[in-house]
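> give me a model of this one.
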Amino acid sequence: MNSIETFFAAKKYGVAGASARTHKYGYKVFKALIVSGRDTYPLNPITDEIDGHKAYPRISDLPVVPESLSIVTPPDVTRQVVADAIAGGVKNIWMQPGAEDELASESARSAGINVIDDGSCILVLLARQ
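Residues are numbered from 1 along each chain as shown. The predicted structure is shown next:
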């Protein structure tokens, strides 16, 4: 399996930067994963709920550890999200376009995490499925 197939083979997903504002990419990514039938948890430190789903401030607050984590945050926030993902045991990270951070990518790869940070967009790939 390639890195994207490995990401999509997960049973549990998280979206860091999920948003209740429907025009934001964080909302679109979260919604696309839900609509595709994936068990997905929204991560947002200032939102309590997104489309009826309880939102969680951090990975450590989730009821389960997601195997795959999509990140839709500014790069300076991505660094902390990746540190939390490493500590929490996340196996796959997909930094959406604009969320990429070189240091975060290096840290995740050093921890043995499958990282997608090449500018590919999860929304495009989900639309093809």
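> and the longest helix along the chain, how far out from the chain middle?
Across the chain, the longest stretch assigned as helix under DSSP state H is helix 75-88. How far helix 75-88 lies from its chain's middle: 11 Å, per CA atoms, centre = their mean, to the nearest Å.
> what ranges do the helices span in this structure?
Using DSSP H, helices in the chain cover 3-8, 25-35, 75-88, 102-110, 122-128.
> any regions of the chain where pLDDT drops low?
Within the chain, not a single segment meets pLDDT under 70.
> now for residue 79, how many residues are close by?
17 (other CB atoms under 10 Å). For every residue, glycine as well, the C-beta is placed using N, CA and C.
> contacting residues for it?
By CB atoms under 8 Å, 6 or more residues apart in numbering, residue 79 lies in contact with 101, 103-104, 107.
> and it, how close does it get to residue 102?
10 Å (CB to CB, to the nearest Å).
> which ones are touching residue 113?
Counted by CB under 8 Å, 6+ apart, residue 113 has contacts 85-86, 90-93.
> determine which two of those are furthest apart.
86 and 92 (12.3 Å; CB to CB).
> let's have the contacts of residue 113 in TSV, adding neighbour count.
As requested, the contacts of residue 113 are arranged in TSV below (neighbours: other CB atoms under 10 Å):
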residue	neighbour count
85	28
86	18
90	25
91	17
92	23
93	29
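> want to throw those into TSV with distance to residue 3?
Below are these laid out as TSV (distance: CB to CB, whole Å):
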residue	distance to residue 3
85	15
86	17
90	14
91	11
92	8
93	10
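> out of these, the closest to residue 22 would be?
residue 93 (24.6 Å).
> shouldn't the closest one be in contact with residue 116?
Yes: counting by CB atoms under 8 Å, residue 116 is a contact partner of residue 93 at 7.1 Å.
> residue 49: neighbouring residues, count only.
Applying other CB under 10 Å, we find 11 residues neighbouring residue 49.
> just give the closest residue to it, not the sequence neighbours.
Counting by CB to CB, 6 or more residues apart in numbering, residue 55 is the residue found nearest to residue 49 once chain neighbours are left out, at 5.8 Å.
> if we can go back for a sec, report the backbone C-alpha coordinates of the longest helix of the chain in PDB.
Extracted in PDB, the C-alpha atoms of helix 75-88 (Å, rounded to 0.1, in the frame of the first residue of the first chain):
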ATOM      1  CA  PRO A  75       1.800  25.600  10.100                       C
ATOM      2  CA  ASP A  76       2.600  27.000  13.600                       C
ATOM      3  CA  VAL A  77      -0.400  25.100  15.000                       C
ATOM      4  CA  THR A  78       0.500  22.000  13.000                       C
ATOM      5  CA  ARG A  79       3.700  21.700  15.000                       C
ATOM      6  CA  GLN A  80       1.800  21.300  18.200                       C
ATOM      7  CA  VAL A  81      -0.800  19.000  16.600                       C
ATOM      8  CA  VAL A  82       1.900  16.700  15.400                       C
ATOM      9  CA  ALA A  83       3.600  16.700  18.800                       C
ATOM     10  CA  ASP A  84       0.300  15.600  20.300                       C
ATOM     11  CA  ALA A  85      -0.200  13.000  17.500                       C
ATOM     12  CA  ILE A  86       3.200  11.500  18.200                       C
ATOM     13  CA  ALA A  87       2.500  11.400  22.000                       C
ATOM     14  CA  GLY A  88      -1.000   9.900  21.400                       C
END
